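Undergrad: model this:
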Amino acid sequence: MQNVMDLKQFAEEHATGLAVALIAGVSIVALRRWKAGGMCRSKARLDGKTVLITGANTGIGKETALDMARRGARVLLACRDMTRANKAADEIRKKTGNGNVVVKHLDLTSLQSVRELAKDILENEDRLDILINNAGIMMCPKWKTVDGFEMQFGVNHLGHFLLTNCLLDVLKKSTPSRVVNVSSLAHETGKIHFDDINLDKDYDPHVSYLQSKLANVLFSRALAAKLNGTGVTVYSLHPGIIRTELGRHFFPTLALWKRILAVPLIALMKTPWEGAQTTIFCAVDESQANVTGLYYSDCAPKEAAPQGRDDGAATRLWDLSASMVGLA
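TA: Below you'll find the model as predicted:
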């Protein structure tokens, strides 16, 4: 009885504070649900089909792999860290009951590694139905790839550009097939620095990241045009703001007060499962089977920024990229 009276007295004395807390809590939940975005509702099965996902040992790549495995696909995890990749593969097999989950080595900082993976796929896989170019790096210091390219442009764009081109024959043989490129809303403020593509004159990690994400959208647009009528369809997308390891280079650079202010906002970010939904939608949704070259957000088409719809820039980037990776 005394406990009940104490609670009643506490509620009366702190009525305003409790009301504010309740409103704030409800608001955060509502905002959190809004931030979660769309969900892929397709029940499509992928039995007998093969899916290759880059960077599939963590984050949205891993969640995408889990979904593909649950649908019955043969899932190839193309990853740099083989220890973590094998651990992820074991977890996916146990959770889904699908033993057809295979780890492949891929280091997107090395064009040789990209070519070796492509050679492996062409020699050992009968088909490739879905290629998901998911791996990425965000706002790292001014690092170079093995081949001397600026790291973010090299990993986020050039590595996937070369991989996709090397796998076109098997993708065409497996039609209808899909190529899904994970880009970002960041492309909307991006610019392709054609005269200084490696940003050697004035490197800024933020500018570099924006450039690489715009490159993903332009690559998708150009690829879709080149593959028109082949049965291979192409999609680019914004997964959302997600709680993943992608920000590991960015967050520590913030001032302490900014990191403190950012903590409540982290709770509003999408989970990796939520962030994977648009990738999954582009990969399997039946309504998009005959659609190609579009950009997506929250499991729906969204108009890309004007610079992401520039066919002249897309062609110019394609030609430059082909030259840089030795396809020209």
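
Undergrad: CA atoms for contacts and neighbours, from now on please.
TA: Noted.

Undergrad: Sketch out the strands for this protein, chain order is fine.
TA: Along the chain, the segments classed as strands by DSSP state E run 50-54, 74-79, 101-105, 130-133, 177-182, 232-238, 294-297, 300-301.

Undergrad: any idea which of these is most buried?
TA: Mean neighbour count (mean count of other Cα atoms under 10 Å) peaks for strand 232-238 among the strands of the chain, with a mean of 28.

Undergrad: Residues in contact with it: which ones?
TA: Contacts with strand 232-238, where a contact means Cα atoms under 8 Å, 6 or more residues apart in numbering, come from 171-172, 175-185, 216-217, 220-221, 223-224, 227, 278-279, 282, 289-298.

Undergrad: since we're on the closest residue to Pro306 other than its chain neighbours, how many residues are nearby?
TA: Using Cα to Cα, 6 or more residues apart in numbering and skipping the chain neighbours, the partner closest in space to Pro306 is Glu188 (7.9 Å). Residues contacting Glu188 under the criterion other Cα atoms under 10 Å number 16.

Undergrad: change the start of the numbering to 39 and stick with it
TA: Noted, 39 is the first residue going forward, which turns the last one into Glu226.

Undergrad: Name all residues that make contact with Glu226.
TA: Each residue near Glu226 by Cα under 8 Å, 6+ apart is listed here: Leu252, Ala342, Ala343, Pro344, Gln345, Gly346.

Undergrad: To what extent is the second one buried, counted in neighbours?
TA: When neighbours are counted by other Cα under 10 Å, Ala342 registers 21.

Undergrad: what about stretch 212-227, how long is it end to end?
TA: End-to-end span of stretch 212-227 (Cα to Cα, to the nearest Å): 36 Å.

Undergrad: how close does Arg259 sit to Ser335?
TA: Taken as Cα to Cα, the span from Arg259 to Ser335 is 16 Å.

Undergrad: meant to ask about Phe191
TA: Distance, Phe191 to Ser335, by Cα to Cα: 22 Å.

Undergrad: for this structure, which spans come out with low pLDDT?
TA: Scanning the chain for pLDDT under 70 picks out 39-74, 280-307, 366.

Undergrad: And the helices in it?
TA: Taking DSSP state H as the criterion, the chain carries its helices at 40-51, 53-74, 97-108, 120-134, 149-162, 189-191, 197-204, 206-211, 243-264, 294-304, 310-313, 315-322, 349-363.

Undergrad: which of those is buried the deepest?
TA: helix 189-191 (a mean of 28).

Undergrad: Which strands or helices does that one pack on?
TA: Secondary-structure packing of helix 189-191 (3 or more Cα pairs under 8 Å, 6 or more residues apart in numbering; DSSP states H and E): helix 243-264.

Undergrad: now for the helix it packs on, which elements pack on it?
TA: Going by 3+ Cα pairs under 8 Å, 6+ apart, helix 243-264 lies up against helix 189-191, strand 215-220, strand 270-276, helix 349-363.

Undergrad: Can I get the last one in PDB? Just the C-alpha atoms.
TA: Extracted in PDB, the C-alpha atoms of helix 349-363 (Å, rounded to 0.1, in the frame of the first residue of the first chain):
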ATOM      1  CA  ASP A 349      23.700  10.900 -70.000                       C
ATOM      2  CA  GLY A 350      26.700  12.800 -71.300                       C
ATOM      3  CA  ALA A 351      28.400  12.600 -67.900                       C
ATOM      4  CA  ALA A 352      27.400   8.900 -67.600                       C
ATOM      5  CA  THR A 353      29.100   8.200 -71.000                       C
ATOM      6  CA  ARG A 354      32.200  10.200 -70.100                       C
ATOM      7  CA  LEU A 355      32.500   8.500 -66.800                       C
ATOM      8  CA  TRP A 356      32.100   5.100 -68.400                       C
ATOM      9  CA  ASP A 357      34.900   5.800 -70.900                       C
ATOM     10  CA  LEU A 358      37.200   7.200 -68.200                       C
ATOM     11  CA  SER A 359      36.500   4.200 -65.900                       C
ATOM     12  CA  ALA A 360      37.100   1.700 -68.700                       C
ATOM     13  CA  SER A 361      40.500   3.400 -69.400                       C
ATOM     14  CA  MET A 362      41.500   3.400 -65.700                       C
ATOM     15  CA  VAL A 363      40.700  -0.300 -65.200                       C
END
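
Undergrad: Thanks a lot, catch you later.
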